[in-house]
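>>> pasting the sequence and the predicted model now:
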Protein chains: 6
Amino acid sequence: MTGLTWRETRDAGRSGIALLPIGSQEQHADHLPMGTDTLLASAVVDRAAALLEGDGPPVVRLPVLPYGHSPHHLFAAAVSLSAATLSAVLGDILGSLARSGYRRIMIVNGHGGNDEIMRLAVKEFALHTDAAVAACSYWSLGTLSPDEQAAGRPEVTPGHAGWFETSLMLAAHPALVRTPLPVREPVEPPPLFDRPPHAGLTVERHGEWERVGGATDDPSGADAERGGRLLAARGAELAQAIRAFDTATRTHSA
Amino acid sequence: MTGLTWRETRDAGRSGIALLPIGSQEQHADHLPMGTDTLLASAVVDRAAALLEGDGPPVVRLPVLPYGHSPHHLFAAAVSLSAATLSAVLGDILGSLARSGYRRIMIVNGHGGNDEIMRLAVKEFALHTDAAVAACSYWSLGTLSPDEQAAGRPEVTPGHAGWFETSLMLAAHPALVRTPLPVREPVEPPPLFDRPPHAGLTVERHGEWERVGGATDDPSGADAERGGRLLAARGAELAQAIRAFDTATRTHSA
Amino acid sequence: MTGLTWRETRDAGRSGIALLPIGSQEQHADHLPMGTDTLLASAVVDRAAALLEGDGPPVVRLPVLPYGHSPHHLFAAAVSLSAATLSAVLGDILGSLARSGYRRIMIVNGHGGNDEIMRLAVKEFALHTDAAVAACSYWSLGTLSPDEQAAGRPEVTPGHAGWFETSLMLAAHPALVRTPLPVREPVEPPPLFDRPPHAGLTVERHGEWERVGGATDDPSGADAERGGRLLAARGAELAQAIRAFDTATRTHSA
Amino acid sequence: MTGLTWRETRDAGRSGIALLPIGSQEQHADHLPMGTDTLLASAVVDRAAALLEGDGPPVVRLPVLPYGHSPHHLFAAAVSLSAATLSAVLGDILGSLARSGYRRIMIVNGHGGNDEIMRLAVKEFALHTDAAVAACSYWSLGTLSPDEQAAGRPEVTPGHAGWFETSLMLAAHPALVRTPLPVREPVEPPPLFDRPPHAGLTVERHGEWERVGGATDDPSGADAERGGRLLAARGAELAQAIRAFDTATRTHSA
Amino acid sequence: MTGLTWRETRDAGRSGIALLPIGSQEQHADHLPMGTDTLLASAVVDRAAALLEGDGPPVVRLPVLPYGHSPHHLFAAAVSLSAATLSAVLGDILGSLARSGYRRIMIVNGHGGNDEIMRLAVKEFALHTDAAVAACSYWSLGTLSPDEQAAGRPEVTPGHAGWFETSLMLAAHPALVRTPLPVREPVEPPPLFDRPPHAGLTVERHGEWERVGGATDDPSGADAERGGRLLAARGAELAQAIRAFDTATRTHSA
Amino acid sequence: MTGLTWRETRDAGRSGIALLPIGSQEQHADHLPMGTDTLLASAVVDRAAALLEGDGPPVVRLPVLPYGHSPHHLFAAAVSLSAATLSAVLGDILGSLARSGYRRIMIVNGHGGNDEIMRLAVKEFALHTDAAVAACSYWSLGTLSPDEQAAGRPEVTPGHAGWFETSLMLAAHPALVRTPLPVREPVEPPPLFDRPPHAGLTVERHGEWERVGGATDDPSGADAERGGRLLAARGAELAQAIRAFDTATRTHSA
């Protein structure tokens, strides 16, 4: 959208899908940069957009929102929007898009802490506006391709600043990954937010992120090659999700 | 808590776990009552509490919150708290419990629409208070026992006003279920919020609940016997979850 | 409402009156339970509903709101909603009822601390919605019958955890009253919030509830017999108030 | 305060009582001005201050807040603060006074619509600040002196734009009262907000103020002489209330 | 408006301009009173109103808002509304005026700290309401007349509690100015909020107001004669501004 | 910051200055893109950063906030945050930076509609946090160099989508400027928000932006050469402002 005039923005909104990537600025251990989630959400959207060019539905990319909800990382360093603020930001963006003629919007998220807020925003918006809205976190889209099954490690996906994110960053922004990769010993007990004591239970304990040192698993085995395959798979899933959303909501284009 | 004096309330808080069930008042098709989610959350908590008596950790039950976030059911009938209101209610309850000496709290939810708000509340609270807090929706706890696998139908669990909830209500509150059970023909396309066009995508479309008639699947095959087995299994899972939470957070009892 | 389907809920709303009891969870000295206000509001509504059956106006009871505004009791123990939160809850409930077809609503309050918030909510709602709304605290309804004059002690009514509430609880929930009843010596000076230094003045002083030990007067003389008469009288008054509200607002039923 | 320097303001706050009059700008029928409530609150405070001079406790008058909560008068004309706004204003004023060294504050209200908000503000403030705060509406202070009993008409006190307020305005600001006074025929049924169908019931019905023409009773019998006696009596009551508040809260002066 | 009936208020709103002066209560060093900004805004409006009488556009004066946004003066003494509160107050006043028939409104400000909030309020209001709204701070209106150039000292205008405000107060309210005027030595470095290190930069540093003693420049040279000329010039500018606003927005009177 | 680890972020915060550019997404007539303000704020910061490299104070650039307060452009197309939302975003960012160790922060703004909100945020923050914060809009920094005086046209600076912004965009992002540049005839009367009827008066009229076609002046004479000189001058001014802020606030680095 940044490069479009307002008439082009309006025209694209008649039948197109607005795509809003959202990320964060927050500690990612000692080897990944603050903007990791923002960079990876953008990278996945880049790959999906490339796949859609030509025969995909028209897509208007909005500027990535580089700040997310990261209060649990402020013990180290983060630039965090409160839940209320992020909720208001997403509501305002969705509302503006509707005012500007859009009826189909998708949010692509790169940061776990944004997840509930994003889904609430999408629900709230669709209640009051005649539109169809989708939301996803890039790592949980779709089913794993054989190659992704081979390359990936679901038990540490997505994690935080661990094997998965490090692998993707080695593929997408190798210059921003500090090497040699640190070796992280398992913390006992593992973080309750990541490994709840009973399946299906959300458990939050004060100071837990700081106790476990700000990461979920050992990044030291990450490599760019597998990261590249995973990133490509994530982009392909997002492209397919956009096509599926387009098909399911065509009645909402004008 | 309703029957405890304040000293008993305080004393119990030193080592006990506060248990807050939350539900909703909202349309549940033509055969289930408005309070279905509230009644089922309470029924599961009843069964878990019975299993814990004797050797379980001390538990203080709070009065069930009978109102939830149900704006999507107002097209028919509901008493709904906005997301901001429910969020404030949960925050105030958690904060009051902490002020009253509690360090371990669990929310047990009976209504899908409360899910994100409940999890946000739990996260927000643990950021600022030295406590451990858990949250769950009763249908997604734990893994299925063989009996539950035999009795259940995961593809329509939990759904809304469909086979699963009707089965449980036939077991828990048969007098409140209108019979004969209505037969519900599949709606095409199925509701996007329940069957997204791509796995992992949250899709919300304006008017979708009204379009599909306010329910997700056909309740007509529900029966009390299987409902009773499912309800027992849910209660057992909750009891186990409470034990596991107790073990994991004993350092937070005073 | 909990047991009604949505169609029954809607149908009842056309000519009926929605009845919302609200209470609290808060310290009530050493002999009364946390839920006293909630239990008594419900007890009064029970008695009124029984009196109305048959020839009274149709009434739809909502689930009691078991949490109120009790920040002044947190020094001991309470589960309190802030004024803003309770205000939002009542506004959301009233608004939902209007959306669901109700035009006549009454709130029956059991906790003094809810009073201003309840009345503000009722005023705000009627400004914006074509409806008639009533609100009352159960102890201040109507005029005293001869029997109530004989049984009661207006100088300590309602008070908090004193003679009046203890009497009613002995009648309504004797098993929840700890005996022998404690004897409470007068505190000097008496609490400013209860005995202002000049008639008509509201006076609030920091720490006053804690200074006077959390109650207003001596409960030791309370007995179940007089409590039963007072409770019956309160139920009768509420029933009459509902009839009067019905008569005065029939033009608002559809 | 307007004429004091900040050091005088601080010095006075050590042992003095801050006095905040609040009023409204709203329709008062065809014969009284918009600022009636503001003018009368100020007039009562003037008279009380005169009586206290010399031997009364030190009092610091704040500028009257000329805007109140009057949404029910917007059908004609008003400048109204929402409940949330007025609540915030009072909270900010109280908080600023505390920051500036005050520990004893009294609000004197001239407009019924401010009543609940004022009392909530006072309660909220005293919860969090080591201070003593009082609030009153000038017409409901104290007990009636024999002269006030003779001069007054309790059944229409205070009412709105009726006999009582017109009498006081004829005494306080005769030039602002339009004559001849209008004659107001009784409206049937009388306004529910002023004459509820059952004692102790608050009833609000949409459009009720407009239906009854914006006033509660007939002003045509008002006269300046009785108005003067009533105003003097109100001032005397306020002076006594201030003395009583002073005596009761001396421990809160530094 | 205070003295108008509601019909007069409505009638005046058809073609007239509503004029809202706003001020503050805040420390003004040792020689000026807390209400200085309120008093000066009122004084300028008085002078403008006098100049407009006869041939000017019809103007309805609202009661001055005596409280503004002064958190930076609380270190000494102030009664301050938060930015959110003042914003809500202005929004409510503007909205009420629109509801009461006004289409042309002007805010005249006497306190620098209100400036951004006032301008935001005016912009927000005009977005949603078919009206024309103006706002100004009295010292920055128009261009300097030759007499004002001769009498004034632009390098310390307006400042805070310095030469300019002291001069005006000596003319408008000499009895409220404490004499002899204090002599204020320059503070090094000068306050960053008043003398930013680079032109066009807004710089705020914690504790800066307290560091420089609560004033910006030396008041000791102020005199009533020049203050009177400046005040007259400010009134004349405001009168001209009102005429210009009237001419530019006549299409907005009904 | 995006590329820094959290330790680098923290380390830089000890003595460095955090730099936050903010912009907008909003209509810029038919020839400039939606992101113009964001792109130009970034371009000025780029040039300043280049000038500071080597001998300037350490600076940490935050990701540009690409969304601003643009409700007045929604008549065409915009993605706008409400004033409350943008205010919350800036407050959260400033607060996070303080939590992460920063004591010196500067906001560089590219969109007029953000101005008051940015300045309020900066003031609010410095009240409560021991820090020094600066804010500016890039076009109003400093004094004009001789070259800038020669190249510029102050009477249309900054304007909106007119000669000034078009010139800068031709220099910074020529590929995003649609040519041939449109010719814009003067609108009569000119927009009140840009040309108030009296100097020093802020005037906002409903629908004014739409009436004048969304721009303030004729862009057709813009050229890249002068745009480049203006852009270089703006970057130089910002660099000097950063140096001056650094000098003035060194006591705030740790």
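Ah, there it is.
>>> switch to C-alpha atoms for all contacts and neighbour counts from now on
Will do.
>>> next one, pLDDT for A:Thr143 please.
We note a pLDDT of 88 for A:Thr143 in this prediction.
>>> who touches A:Arg61 in this structure?
Counting by Cα atoms under 8 Å, 6 or more residues apart in numbering or on different chains, A:Arg61 touches A:1, A:18-20.
>>> do the same with A:Pro197
Going by Cα under 8 Å, 6+ apart, A:Pro197 touches B:241, B:244-245, B:248.
>>> helix, strand, or coil at it?
Using DSSP: H, G, I helix; E, B strand; the rest coil, the structure places A:Pro197 in coil.
>>> and it, how far is that from F:Leu120?
46 Å (Cα to Cα, to the nearest Å).
>>> please pull out the lowest mean pLDDT helix or strand from chain A.
Lowest on mean pLDDT, DSSP states H and E among the helices and strands of chain A sits helix A:146-151, with a mean of 92.
>>> and it, how far out from the chain's middle?
Chain-centre distance of helix A:146-151: 20 Å, with Cα atoms, centre = their mean, to the nearest Å.
>>> elements contacting the following helix or strand past that helix?
Later in the chain than helix A:146-151, the nearest helix or strand by DSSP states H and E is helix A:163-172. Identification of packing neighbours for helix A:163-172 by 3 or more Cα pairs under 8 Å, 6 or more residues apart in numbering or on different chains; DSSP states H and E yields helix A:36-52, helix A:224-248.
>>> so how far is the first one off the chain centroid?
With Cα atoms, centre = their mean as the basis, helix A:36-52 stands 9 Å off its chain's centre.
>>> now check that helix, is it near chain B?
No: using Cα under 8 Å from any Cα of the partner chain, helix A:36-52 never reaches chain B; the gap is at least 14.6 Å.
>>> any idea which element A:Gly54 lies in?
A:Gly54 belongs to no helix or strand when elements are defined using DSSP H and E.
>>> how many residues are close by it?
A:Gly54 has 9 neighbours, counted by other Cα atoms under 10 Å in any protein chain shown.
>>> next, it: phi, psi?
phi 100, psi -70 (degrees, to the nearest 10).
>>> about what we covered before: mind checking which of the helices and strands packed on helix A:163-172 is nearest chain F?
Chain F sits nearest to helix A:36-52 of all these, at 7.4 Å, using Cα to the nearest Cα.
>>> give the pairing partners of the following helix or strand past that closest one; include direction for each.
Remark: after helix A:36-52, the chain's next helix or strand is strand A:59-61, criterion DSSP H and E. Neighbouring strands of strand A:59-61 in its sheet, by DSSP bridges, are strand A:17-22 (parallel).
>>> what is the helix or strand that the partner strand is followed by packed up against?
Counting by DSSP H and E, the element after strand A:17-22 in chain order, helix or strand, is strand A:25-26. With contacts defined as 3+ Cα pairs under 8 Å, 6+ apart, strand A:25-26 has these neighbours: helix A:36-52, strand A:78-79.
>>> try it again with 6 Å
Applying 3 or more Cα pairs under 6 Å, 6 or more residues apart in numbering or on different chains; DSSP states H and E, one finds that strand A:25-26 contacts strand A:78-79.
>>> please compute how far the strand it packs on lies from its chain's middle.
Relative to its parent chain, strand A:78-79 has a centroid offset of 17 Å by Cα atoms, centre = their mean.
>>> ditto for stretch A:64-77
Computed by Cα atoms, centre = their mean, the chain-centroid distance of stretch A:64-77 equals 13 Å.
>>> for the least confident helix or strand of chain A, packing partners?
Against helix A:146-151 (3+ Cα pairs under 6 Å, 6+ apart) you get no helix or strand.
>>> pull out the buried positions in that helix.
By neighbour count on 16 or more other Cα atoms under 10 Å in any protein chain shown, the buried set for helix A:146-151 is A:Glu148.
>>> how about residues contacting that helix?
A:226, A:230 (Cα atoms under 6 Å, 6 or more residues apart in numbering or on different chains).
>>> with only the CA atoms kept, save it in PDB.
Written as PDB, here are the backbone C-alpha positions of helix A:146-151 (Å, rounded to 0.1, in the frame of the first residue of the first chain):
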ATOM      1  CA  PRO A 146       6.700 -34.500   3.300                       C
ATOM      2  CA  ASP A 147       9.700 -32.200   2.900                       C
ATOM      3  CA  GLU A 148       8.700 -30.100   5.900                       C
ATOM      4  CA  GLN A 149       8.200 -33.200   7.900                       C
ATOM      5  CA  ALA A 150      11.600 -34.300   7.000                       C
ATOM      6  CA  ALA A 151      13.200 -30.900   7.600                       C
END
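>>> distance of A:Thr251 from chain B?
Per Cα to the nearest Cα, to the nearest Å, A:Thr251 is found 11 Å from chain B.
>>> for A:His206, same thing?
Note on A:His206: its distance to chain B, by Cα to the nearest Cα, is 5 Å.
>>> got a list of what that residue touches?
B:126-127, B:130-131.
>>> can you redo the residues you listed as CSV with neighbour count, pLDDT and secondary structure?
Output for those, formatted as CSV (neighbours: other Cα atoms under 10 Å in any protein chain shown; pLDDT from 0 to 100; DSSP: H, G, I helix; E, B strand; the rest coil):
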residue, neighbour count, pLDDT, secondary structure
B:Ala126, 22, 98, helix
B:Leu127, 18, 97, helix
B:Asp130, 16, 97, coil
B:Ala131, 22, 97, coil
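>>> widest-spaced pair of the residues you listed?
Pairwise distances across the contacts of A:His206 peak at 8.9 Å for B:Leu127 and B:Ala131 (criterion: Cα to Cα).
>>> which pLDDT does the model give the residue nearest to A:Ala78 when sequence neighbours are not counted?
Excluding its sequence neighbours, the residue lying closest to A:Ala78 (Cα to Cα, 6 or more residues apart in numbering or on different chains) is A:Glu26, at 4.0 Å. Looking at A:Glu26, its pLDDT reads 98.
>>> ok, now A:Ser253?
pLDDT for A:Ser253: 60.
>>> alpha carbons only: can I get the helix or strand harbouring A:Arg7 in PDB?
Taking DSSP H and E as the definition, A:Arg7 sits inside helix A:6-15. Only the C-alpha atoms of helix A:6-15 are listed here, as PDB (Å, rounded to 0.1, in the frame of the first residue of the first chain):
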ATOM      1  CA  TRP A   6      -5.300   6.400  -2.900                       C
ATOM      2  CA  ARG A   7      -7.200   5.600  -6.000                       C
ATOM      3  CA  GLU A   8      -5.200   2.500  -6.600                       C
ATOM      4  CA  THR A   9      -5.700   1.600  -3.000                       C
ATOM      5  CA  ARG A  10      -9.500   2.000  -3.400                       C
ATOM      6  CA  ASP A  11      -9.500   0.200  -6.700                       C
ATOM      7  CA  ALA A  12      -7.600  -2.700  -5.300                       C
ATOM      8  CA  GLY A  13      -9.900  -3.000  -2.400                       C
ATOM      9  CA  ARG A  14     -12.900  -3.800  -4.600                       C
ATOM     10  CA  SER A  15     -11.900  -7.300  -5.300                       C
END
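>>> quick one: is it near chain F?
Yes: applying Cα under 6 Å from any Cα of the partner chain, one finds helix A:6-15 in contact with chain F at A:Trp6.
>>> tell me what angle that helix forms with strand A:17-22.
Between helix A:6-15 and strand A:17-22, the angle comes out at 100 degrees (axes from the mean of the first three to the mean of the last three Cα atoms, to 10 degrees).
>>> mean confidence (pLDDT) on helix A:6-15, please.
Mean pLDDT, helix A:6-15: 97.
>>> helix or strand right after whatever helix or strand A:Leu86 lives in?
Assigned by DSSP H and E, A:Leu86 belongs to helix A:83-99. As assigned by DSSP H and E, the chain's next helix or strand after helix A:83-99 is strand A:104-109.
>>> can that following strand be found next to chain B?
No: figure legend: strand A:104-109 not in contact with chain B (Cα under 6 Å from any Cα); closest approach 8.8 Å.
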